[in-house]
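**Student:** Make a model of this:
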Amino acid sequence: MDRASGSSGGHRNYARLGLPAAVLFLSASLAACTVAAMPGLTAGPIPSTAQQTPTAAATGIDANAASPTWSWPSQTASLTNTAELSASPRSTASAGPLPSVGPNSLASWTAINWVAVPGGSAPPVPADAAMNANFDVYGWSGGYVEFVHRPNSTTIVPWYSADGLHWQAANALDPTGMEPQYGPEYAPRVTSLVEGPAGLVAAAELEPLGVACGPSEYPVQSLWRSADGGATWARIDLAGAFPQGSVYRISGGSGGYIARGSIDSRTAIWVSADGRSWRHSDLSGSTFTNAAISAAVSFSGGFVLAGTTLAVGGGCAGLASTPQFIGALWRSADGTAWTRDDLMGATAGDDWVSMSVRRISDRALYATESSGSGTGDDSTETDTAWTSADGENWTVVSGGPPSIRSQLLSNGQRGMVVTGLDGDVPMPLGVWSFDNNLKPVELSQRGDAPTKEPWFLGALGPAGLLVASSDGAQFWLGVPMAQ
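**Tutor:** Next up, the predicted model:
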């Protein structure tokens with residue numbers, strides 16, 4: 001549900017992806033589609049007002065359970081919160097027979113069955129949304145959330161869905177403090193959505209429109225929390241939660257929430273049980289000597305940090321002109337005491353080392369290291385990946401998807417690696433899942449596959465993988481299957 005690190009080159013992603021059990025792509029130019037019989041799909045029209053929403057009793061993840069339990073009763077929903085989005089948004093009425101999709105409960109996935117969805121059934125997107133970073137979409141264990149933004153304004157309207165097909169607009173997010181303080185060319189946008197014990201937490205930044213180069217990270221400007229699956233949102237007091245620092249990334253899991261940022265230009269980590277009250281974690285101990293933290297993740301076993309540290313023999317006391325750094329991980333059950341883990345197979349780099357860690361699910365993690373030396377034709381680069389079921393014991397991944405243009409998507413219960421979502425030239429999508437041994441397995445693809453274009457958005461939720469074109473005009477549903 002949060003952004004994949006290192007998933008694109010110098011471009012900002014136009015949508016954020018979360019991995020569900022099915023895959024959805026957006027298209028306003030499509031006519032009606034006919035769905036062939038397949039497991040998990042039932043053809044039929046989408047009612048123009050029917051919407052599934054979580055019950056008021058649903059409050060998030062049970063910290064002692066592998067995944068949350070949600071109830072999705074039917075209720076009448078009028079999609080009327082569209083006037084502030086666009087003078088003439090797309091209609092949300094059904095354009096033809098669409099599949100009825102429920103949560104995917106298959107034990108293993110071996111294939112993706114694509115279904116092209118008629119345009120007009122997705123949330124309305126402003127007509128000027130194309131290439132202006134106007135919407136972002138995420139998946140989580142109980143559904144999907146899309147955030148629609150208006151350019152040069154602070155308006156952010158959430159839409160939520162249980163299946164990626166039927167959507168309902170929530171009230172606009174409180175924009176206090178999100179005024180474009182750097183000028184009208186900076187637009188507020190939701191850059192991550194995470195799920196934890198108290199529900200969903202959304203983070204927004206002010207990002208420049210149409211700027212290809214700039215800082216690799218922008219500080220979080222606002223936080224909101226939802227305890228009912230995205231139907232209602234409450235503002236979190238950012239200044240009160242982080243009075244002395246800036247936050248750049250937030251992760252969530254059944255172990256709690258974790259934020260990575262800085263205080264006085266030094267890396268800082270905070271942890272929280274509810275997303276509102278945050279506790280600063282002390283990183284001054286010897287286990288963090290010469291360390292640079294680049295990622296933080298929460299899961300059922302607690303918290304894991306990823307970063308780099310000075311390699312043994314890598315330039316101490318000035319004995320080497322160029323210090324060498326190597327990837328490392330740190331783990332903690334509660335964010336108080338940390339233990340460093342050196343990874344077997346990690347490679348030191350003379351000129352650069354990049355380390356990341358992400359969730360495959362709430363009980364499995366995926367870490368990657370990229371290290372290299374030299375420039376141009378004389379450069380060398382080594383990429384290594386590991387998986388772990390406990391955050392302590394790590395296994396080197398052999399084979400699997402290419403590291404270039406790959407994004408790891410997770411809905412908290414399952415994970416996928418998707419290639420081809422973004423890039424400078426159109427390329428076919430590749431989809432990998434993970435078997436019971438956490439080994440990546442490429443899924444075969446069938447059905448009405450997405451058309452090629454340079455930019456896609458994606459989200460993994462309980463019904464499948466939602467993938468949208470960058471302007472929100474095309475969508476497809478990819479349903480995982482077992483052959």
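
**Student:** I'd like the distance between the residue nearest to Asp282 when sequence neighbours are not counted and Gly301.
**Tutor:** With Cβ to Cβ, 6 or more residues apart in numbering as the measure, Thr336 is the residue that lies nearest to Asp282, at 7.9 Å, once sequence neighbours are left out. No exception for glycine: its C-beta is placed from N, CA and C like everyone else's. Distance from Thr336 to Gly301, counting by Cβ to Cβ, to the nearest Å: 14 Å.

**Student:** Who has more neighbours out of those two?
**Tutor:** The residue with more neighbours, out of Thr336 and Gly301, is Gly301; 20 against 12, by other Cβ atoms under 10 Å.

**Student:** my guess is the more buried one contacts Ser388, does it?
**Tutor:** No - under the criterion of Cβ atoms under 8 Å, Gly301 is not in contact with Ser388, lying 9.1 Å apart.

**Student:** Pass me the low-pLDDT residue ranges in the stretch 301-450 of the chain, would you?
**Tutor:** The model of the stretch 301-450 of the chain has pLDDT under 70 over residues 312-323, 403-405, 423-425.

**Student:** Could you do the stretch 101-250 of the chain as well?
**Tutor:** Along the stretch 101-250 of the chain, the model assigns pLDDT under 70 to residues 101-102, 105, 118-133, 150-153, 177, 179-186, 207-216.

**Student:** now the helices for it?
**Tutor:** For the stretch 101-250 of the chain, the helices defined by DSSP state H, counting those that start in this stretch cover 238-241.

**Student:** Tell me if I'm right that the residue nearest to Asp282 and Ser281 touch.
**Tutor:** Yes - at 7.0 Å, Thr336 counts as touching Ser281 under the criterion of Cβ under 8 Å.

**Student:** ok, the nearest residue to Glu392 once chain neighbours are set aside - contacts?
**Tutor:** Nearest-residue entry for Glu392: Arg331, 6.1 Å, with adjacent residues in sequence omitted and distances by Cβ to Cβ, 6+ apart. By Cβ atoms under 8 Å, 6 or more residues apart in numbering, the contact list for Arg331 reads 301-305, 338-339, 341, 391-392.

**Student:** Of the residues you listed, which belong to strands?
**Tutor:** 302-305, 339, 341 (DSSP state E).

**Student:** Between the residues you listed, which sits nearest Val357?
**Tutor:** Nearest to Val357 among the ones in strands among the contacts of Arg331: Val304, at 5.4 Å, using Cβ to Cβ.

**Student:** Kindly indicate the member of the ones in strands among the contacts of Arg331 with the most neighbours.
**Tutor:** Using other Cβ under 10 Å as the neighbour test, the ones in strands among the contacts of Arg331 are led by Val304, with 29 neighbours.

**Student:** what pairs with that residue across the strands?
**Tutor:** Note on Val304: beta-bridge partners Val297, Arg331, judged by DSSP bridges.

**Student:** Tell me the spacing between it and Ile293.
**Tutor:** In this view, Val304 and Ile293 are 11 Å apart by Cβ to Cβ.

**Student:** and for the two, which residues touch both?
**Tutor:** Trp330.

**Student:** Count the residues that sit near Thr287.
**Tutor:** Other residues within reach of Thr287, judged by other Cβ under 10 Å, total 14.

**Student:** Equivalent analysis for Met344, please.
**Tutor:** 10.

**Student:** That one contacts Ser388, correct?
**Tutor:** No - if you go by Cβ under 8 Å, Met344 and Ser388 don't touch, sitting 11.9 Å apart.

**Student:** what touches both of these two?
**Tutor:** Joint contacts of Met344 and Ser388 (Cβ under 8 Å, 6+ apart) are Trp394.

**Student:** burial measure for Ala239, as a count.
**Tutor:** By other Cβ under 10 Å, the residues close to Ala239 number 7.

**Student:** hmm, I was thinking of Ala204
**Tutor:** Neighbour count of Ala204, defined by other Cβ under 10 Å: 25.

**Student:** who's in contact with the residue nearest to it when sequence neighbours are not counted?
**Tutor:** Counting by Cβ to Cβ, 6+ apart, Ala204 lies nearest to Ser222, which is 4.5 Å off, once chain neighbours are set aside. With contact taken as Cβ under 8 Å, 6+ apart, Ser222 is in contact with 173-178, 188, 203-204, 235-236, 238.

**Student:** Repeat that for Thr382.
**Tutor:** So Thr382 contacts 347, 349, 369-372 (Cβ under 8 Å, 6+ apart).

**Student:** Next: Val201.
**Tutor:** With contacts defined as Cβ under 8 Å, 6+ apart, Val201 is in contact with 193-195, 223-226, 236, 250, 252, 257, 275.

**Student:** need the ones in strands among the contacts of Arg331 in a markdown table with distance to Val137, can you?
**Tutor:** Below are those laid out as a markdown table (distance: Cβ to Cβ, whole Å):
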| residue | distance to Val137 |
| --- | --- |
| Gly302 | 29 |
| Phe303 | 26 |
| Val304 | 26 |
| Leu305 | 28 |
| Thr339 | 36 |
| Asp341 | 34 |
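
**Student:** So in terms of bridging, what pairs with Glu146?
**Tutor:** Beta-bridge pairing for Glu146 (DSSP bridges): Val137, Trp159.

**Student:** Tell me how many other residues surround it.
**Tutor:** Glu146 - counted by other Cβ under 10 Å - has 28 other residues nearby.

**Student:** And Ser265, how far from Ser354?
**Tutor:** When Ser265 is compared with Ser354 (using Cβ to Cβ), they lie 20 Å apart.

**Student:** re earlier: the contacts of Thr382: which two are farthest apart?
**Tutor:** Longest distance between any two of the contacts of Thr382 is 10.6 Å, between Glu369 and Gly372; criterion Cβ to Cβ.
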